[in-house]
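Participant: Sharing a model that was predicted from the sequence below.
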Amino acid sequence: MSQKIRLAIAGVGNCASSLVQGIFYYKEKGIKDLEGIMFADIGGYKPFDIEIVAAWDIDERKVKKDISEAIFSLPNCTTIFYRDIPNLGVKVRKGKVLDGVANHMHNFPSDKTFVISSEKEDELEDVVSVLKEVQADVLINYVPVGSENAARFYATACLKAGAAFINAMPAFIVSDLDWGKKFEKEGIPAVGDDIKSQLGATILHRALVQLFVDRGIPIKRSYQLNFGGNTDFLNMLERERLKTKKKSKTEAVTSLLSYDISWENMHIGPSDWVPWLKDRKIAYIRIEGEHFGGVPMSVEVKLEVEDSPNSAGSAVDAIRCAKLAKDRGIGGPLISISAYTMKHPPKQYPDHIAKQMVLEFIKGERER
């Protein structure tokens, strides 16, 4: 078993920035101080055992830079909680653009959106060659919401290169039966789809819904309204790109209900872009139900959180579980860690059950 997890990154945005910063933050903290982590040890792997070996992006301000510098380049705007990252000797390569940029993004100032690099794009065979050359164990896909073709491009590269695939965005790949069979046939682990933050709007909404269910209170209607100021929220102003995102977030909540709640009574999805919020995300959640005697009641919650570090907290667990599966020769969708860290896993479970499944997987008591 390798003591390091060799990680490739597709999309060097805010989420990648927080992930890389976190690796070095916890490396400095050491094993005795791993606060803020859901699983300190996964099969012997700690968060700081992740090593970046390859990266792709399309922005000229990141391409050709060492990733230690690229993660702090515009339009990234997440909180910098660890800046002292050494040169890693990993140059960001030009990824294939495909559908990675929404048309309306060109109408905003360059410090808020992408500036597409003029460098030659890496074709599929280039990505596969790099993954093999650097011996990548895992690739995490951070391309923007709506980049369905780009997501499948990197998934295909993993299938050809033998790297485990983590799909952190809402293109339904790992949760798709046909794609899942492809990863199982090749003996390659896959985790997805659409990363669920460590304590974000979706997990909070799910916890509240589960509370209503457990206490016997039928839910009549609910909403979750999210807005923020990062490039992700700007990208999602194009509603056409939101089909899978909205489905992913909605099913993450409604999967906990044993009864149908009509579409007009459940609204979940990104709502707007407020530039000055930068990577800060604000979510308003309201749930209306009826308790004893059919008497109405409601709960309203406001969540405010830095979006990308919240995502990285789940990513470090997904990455380590993917590597552990590779060590054990397990291929195909990883059900337990997908259910715990993703909004649209192959199979939904209540979060307390998913956590127990992950613990059993780590101990080797369940295969996936």
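Facilitator: Yep, it's here.
Participant: And for the lowest-mean-pLDDT helix or strand in the chain, what's in contact with it?
Facilitator: Ranked by mean pLDDT, DSSP states H and E, the weakest helix or strand in the chain is strand 266-273, scoring a mean of 90. Strand 266-273 is contacted by residues 205, 221-229, 233-234, 236-237, 242, 245-246, 249-250, 253-254 when judged by C-beta atoms under 8 Å, 6 or more residues apart in numbering. For the C-beta atoms, the positions are set from N, CA and C on the backbone; glycine is no exception.
Participant: Just the buried ones from those residues?
Facilitator: Buried members of those, scored by 16 or more other C-beta atoms under 10 Å, are 205, 222-229, 233-234, 236-237, 242, 245-246, 249-250, 253-254.
Participant: What number of residues are in the vicinity of residue 80?
Facilitator: 12 (other C-beta atoms under 10 Å).
Participant: what's the spacing between the residue lying farthest from the centre of the chain and residue 253?
Facilitator: When distances are taken from the C-alpha mean of the chain, residue 293 lies farthest, 41.7 Å away, according to C-alpha atoms, centre = their mean. Distance, residue 293 to residue 253, using C-beta to C-beta, to the nearest Å: 26 Å.
Participant: you'd agree residue 135 is in a helix?
Facilitator: No - counting by DSSP: H, G, I helix; E, B strand; the rest coil, residue 135 is not part of a helix but coil.
Participant: backbone phi and psi for it, please?
Facilitator: For residue 135, the backbone dihedrals (degrees, to the nearest 10) come out as phi 60, psi 50.
Participant: Over to the one 3 residues further on?
Facilitator: When read as degrees, to the nearest 10, the backbone of residue 138 gives phi -140, psi 140.
Participant: how many neighbours does it have?
Facilitator: Residue 138, neighbours per other C-beta under 10 Å, totals 27.
Participant: Residue 350 now?
Facilitator: Residue 350 is flanked by 17 other residues according to other C-beta under 10 Å.
Participant: What's the separation between it and residue 321?
Facilitator: Going from residue 350 to residue 321 by C-beta to C-beta gives 19 Å.
Participant: Spell out, range by range, the helices that occur in the stretch 201-350 of the chain.
Facilitator: Using DSSP state H, counting those that start in this stretch, the helices of the stretch 201-350 of the chain run over residues 201-214, 231-235, 243-254, 307-327, 335-341.
Participant: just checking, what packs against the third one?
Facilitator: What that stands for is helix 243-254. With contacts taken as 3 or more C-beta pairs under 8 Å, 6 or more residues apart in numbering; DSSP states H and E, helix 243-254 sits against helix 201-214, strand 219-228, strand 266-273.
Participant: Skipping adjacent residues, who's closest to residue 276 in space?
Facilitator: Leaving aside its chain neighbours, residue 276 sits nearest to residue 229 (6.0 Å; criterion: C-beta to C-beta, 6 or more residues apart in numbering).
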